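Chemist: Attaching a predicted model along with its sequence, questions to come.
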Amino acid sequence: MFGSAQEVWARAAEFDLAVVTTPTALHTEHALAALDAGLHVVVDKPIATTSADARRLVEQAEKAGRSLSTYQSRRWDAEVRTARTLVDAGVLGEVVSLELAFQRDVGPLRPGWRDTVEPSVGGGVTFDLGSHLVDAAQYLLGPAESVTGSVRAVRGGPADDDMDARLVHAGGATSRIVCSWVRERAGPGCGSPGRRPTTPSGTRTRRKRRSSTENGRGPRTSGGSHGRSGDGSLRWTAPPTGRRRRTATTRPSTGVSPSTSPRAARCP
């Protein structure tokens with residue numbers, strides 16, 4: 001256990017990796033210091049508060065010959081992994097749009113820094129929840145070429161607590177992202193309408209109805225329910241508190257196994 005980040009850098013030779021989980025406003029400072037100390041670095045999302053600072057980190061990592069990664073844990077959520085599997089397999093055909101939502105009503109302003117500091121220093125729902133959704137949208141549909149949207153502070157604090165955005169991706173698909181600390185979740189958390197594949201003759205393919213076993217029904221995870229509908233789309237709905245919706249599910253196997261971790265220093 002170390003009392004400060006400086007103590008970690010002074011003993012950097014004892015470690016291989018620094019994991020930076022400090023408040024967002026400190027990510028750039030601590031990640032740069034870790035790279036300068038010769039450590040590989042994993043930074044909690046968002047990697048920085050500005051694109052300029054993010055580029056500085058990438059450039060420094062390349063200069064130092066060290067690995068730099070952002071911890072985007074939501075890529076491993078069941079609904080995102082299922083959507084990626086369906087997109088890669090061509091089940092949805094040409095994906096034309098994607099909807100992602102991350103909403104919760106957290107009540108009055110909270111005392112922590114996420115609610116009490118301005119977005120310029122890392123506060124707000126866009127950085128906290130929106131960073132997950134923007135990453136998921138680009139993970140599923142490729143890089144975004146343009147972004148439009150709005151943010152607002154419904155509860156009157158210095159940080160935004162409600163965001164609605166639209167991304168246009170390089171391939172022409174669009175995604176809509178909604179994240180909020182003032183809305184109860186309603187409707188699908190992840191939806192991706194697609195154009196069904198066609199046969200060489202130009203006719204649309206038809207899917208044979210499958211049994212619940214063939215559809216992959218199995219032990220449920222905490223992520224929610226998944227299903228493929230006949231119009232070539234995926235819908236995901238998180239279960240409401242205290243009860244689960246009983247729907248046929250389809251999900252890939254996890255394919256994740258524990259691996260030996262390198263020696264790591266956690267930047268507190």
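Modeler: On my side now, so go ahead.

Chemist: Now the strand or helix carrying T85: buried residues?
Modeler: Using DSSP states H and E, T85 maps to helix 78-89. Neighbour counts over helix 78-89 (16 or more other Cβ atoms under 10 Å) mark A78, E79, V80, R81, T82, A83, L86, V87 as buried. Yep, even glycine has a C-beta here, placed from its N, CA and C like the rest.

Chemist: pretty sure the fourth one contacts R75?
Modeler: Read it as R81. Yes: R81 is within contact range of R75, at 7.4 Å (criterion: Cβ atoms under 8 Å).

Chemist: Grab the nearest non-local neighbour of V134.
Modeler: I177 (6.5 Å; Cβ to Cβ, 6 or more residues apart in numbering).

Chemist: residues in contact with the one you found?
Modeler: Going by Cβ atoms under 8 Å, 6 or more residues apart in numbering, I177 touches L100, A101, G130, L133, V134, A137, G149, M163, D164, A165, R166, L167.

Chemist: Okay, and it sits in which element?
Modeler: Assigned by DSSP H and E, I177 falls in strand 174-180.

Chemist: quick one: strands adjacent to that strand?
Modeler: Here strand 174-180 is paired, per DSSP bridges, with strand 97-103 (parallel), strand 162-169 (antiparallel).

Chemist: What mean pLDDT does the first one get?
Modeler: It stands for strand 97-103. On average, the pLDDT along strand 97-103 is 91.

Chemist: Residues contacting the next helix or strand along the chain from it, please?
Modeler: As assigned by DSSP H and E, the chain's next helix or strand after strand 97-103 is helix 113-116. Contact with helix 113-116 is made by P23, L109, R110, G122, G123, G124, D128, G157, P158, A159, D161, as judged by Cβ under 8 Å, 6+ apart.

Chemist: can you check stretch 123-135 too?
Modeler: Contacts of stretch 123-135 (Cβ under 8 Å, 6+ apart): 24, 45-46, 49, 70, 72-75, 100-102, 113-119, 144, 151, 158-163, 165, 167, 177, 179-181.
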